[in-house]
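[1] Any chance you could fold what I've pasted below:
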Amino acid sequence: MSTTPQTGHDPASTGMSEPLAASSASEVSGTYDTYDTSDIWPAEGTSRIPFRVYTDTDLYRRELEQCFYRGHWNYVGLEAEVPNPGDFKRTVIGERSVIVTRDASGDINVVENVCAHRGMKFCREKRGNRTDFHCPYHQWNYDLKGNLQGVPFRRGVKQDGKVNGGMPKDFKPEDHGLTKLKVATRGGVIFASFDHDIESLDDFLGPEIGAYFDRLFDGRKLKLLGYNKQRIPGNWKLMQENIKDPYHPGLLHTWFVTFGLWRADNKSRLVMDAHGRHAAMISTRGQGGGGEVTSGVSSFKETMSLNDTRFLDIVQEDWWKGPTAVLMTLFPSVILQQQVNSVSTRHIQPRGHDSFDFVWTHFGFEDDTDEMTQRRLRQANLFGPAGFVSADDGEAIECSQEGFEQKPWHRVLAELGGTGVENTDHMVTETLIRGMYAYWRRVMGV
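    Model (predicted):
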């Protein structure tokens, strides 16, 4: 994409579009369409977020329908995870199990992991290679596109000169395949949707966020480096908030504030798409050390030093085009991270209103030198479940959820930088969180 990122638009004043109409397909119709949300968020605006947004189980079920199963593209993986014909990967969209496959012709498919016969979740392997899928319960067989290929005893069983049983004569295998999702790829990243009436992926990302997406996924072939996975006892939206929140890194994270990787005095920009649902936080590393911005900050450790200075062995790469860190949040399901030389995706997988799995996929590029690959892996120690930085986030989210459950009638205050929704050229604001909830309220009818 050749579009240059723009600043200064205000999603609150430029006519953010209404939520997309739900597909008429039964695959995206749910039972929570008529759920009464009128008392969830009685006040106007998005700067005071009711705790019930994180604790209401019925609201969460509606979120799955409105945010994950219709009207949105969901991240499901990288093409590098299924490089060869027959490769597959099991993952989720919301709470629904899906399988990403590469078929014999090289095409990417995404199918739901639910047998068309008796509803069994038939695939239990996380990844592998095969020519087809079969359900172990009754041996129904499907190709890698999800088409039904075989049904045992479809034409009955001969016994004593007659045929017993069998499927009805009007049974058509083509009517009973696996649920097939709409699929789109961009720069080696795979997205899927249960909603076949969804807008294009390009339109979903928008030009501003699309440009930052293409900065990272610029056509170079990706190289898979490994995974981390953790379960965080908190509402799934809290991780979207966390990566839309430039306020906390220079206060919570000792590593960031001490070594200058992410601080309030770094040169930075915050950019949203026209809906306020996606965002990019863009920062250029400072020098670290003390100063006005660290005065009274307990996490700042001026005397801290590294036993292994290779953790700060940062090499400028041409594709950065200036910034040393860009963290993108694509609503609802993924975070795309470049923090100096470490690059990864972070997949949000809800497990109820108060828990989610968080899967990190670390990658590099096929043209990386061995030294750069090792550098990326070393710097990845900042992140993941035990990362120097990310361990703090998981604990903060857990403690926040405990507070919400304890006092469900209260509210969050997100008024740093005001109450509006706009792009900025500094970090001292919670504008991206307010933007996300402006969008969320429209989609959810709250």
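
[2] Show me the helices in this protein, by range?
    Counting by DSSP state H, the chain has helices at residues 52-55, 57-63, 201-216, 237-242, 249-252, 254-259, 370-379, 390-406, 431-444.

[3] which other helices and strands contact the second one?
    Read it as helix 57-63. Here helix 57-63 touches helix 431-444, going by 3 or more C-beta pairs under 8 Å, 6 or more residues apart in numbering; DSSP states H and E. Any C-beta I mention is one placed from the backbone N, CA and C, and that applies to glycine too.

[4] between the helices of the chain, which gets nearest to Asn129?
    Among the helices of the chain, helix 370-379 comes nearest to Asn129, with 24.2 Å by C-beta to C-beta.

[5] chain center to the closest one: distance?
    With C-alpha atoms, centre = their mean, to the nearest Å as the basis, helix 370-379 stands 24 Å off its chain's centre.

[6] now do stretch 83-103
    Taking C-alpha atoms, centre = their mean, one finds the center of stretch 83-103 at 16 Å from the center of the full chain.

[7] just stretch 112-124 next, same as before
    How far stretch 112-124 lies from its chain's middle: 24 Å, per C-alpha atoms, centre = their mean.

[8] and it, how far apart are its ends?
    From its first residue to its last, stretch 112-124 covers 13 Å (C-alpha to C-alpha, to the nearest Å).

[9] cool, and stretch 140-160?
    Its start and end residues considered, stretch 140-160 measures 26 Å (C-alpha to C-alpha).

[10] Let's test this: mean pLDDT of it, rounded?
    Averaging pLDDT along stretch 140-160 yields 94.

[11] Give me the buried positions along it.
    140, 142-144, 146-148, 151 (16 or more other C-beta atoms under 10 Å).

[12] On the pLDDT front, check Lys172 for me.
    95.

[13] and the gap between the nearest residue to Tyr227 once chain neighbours are set aside and Asp370?
    For Tyr227, ignoring the flanking residues on the chain, the nearest one in space by C-beta to C-beta, 6 or more residues apart in numbering is Thr361 at 5.8 Å. In this view, Thr361 and Asp370 are 21 Å apart by C-beta to C-beta, to the nearest Å.

[14] Neighbour count: these two, which is higher?
    Shown here are Thr361 and Asp370; by other C-beta atoms under 10 Å, Thr361 has more neighbours (22 against 7).

[15] was I right about that one contacting Thr345?
    Yes: using C-beta atoms under 8 Å, Thr361 makes contact with Thr345 at a distance of 4.7 Å.

[16] Which neighbours do those two have in common?
    Common contacts of Thr361 and Thr345 (C-beta atoms under 8 Å, 6 or more residues apart in numbering): Leu78.

[17] Tell me where the model's unsure across this protein.
    Residues of the chain that meet the criterion pLDDT under 70 lie in 1-35, 248-264, 286-302.

[18] what residue lies at the spatial centre of it?
    Nearest residue to the geometric centre of the chain (C-alpha atoms, centre = their mean): Val334, 1.4 Å.
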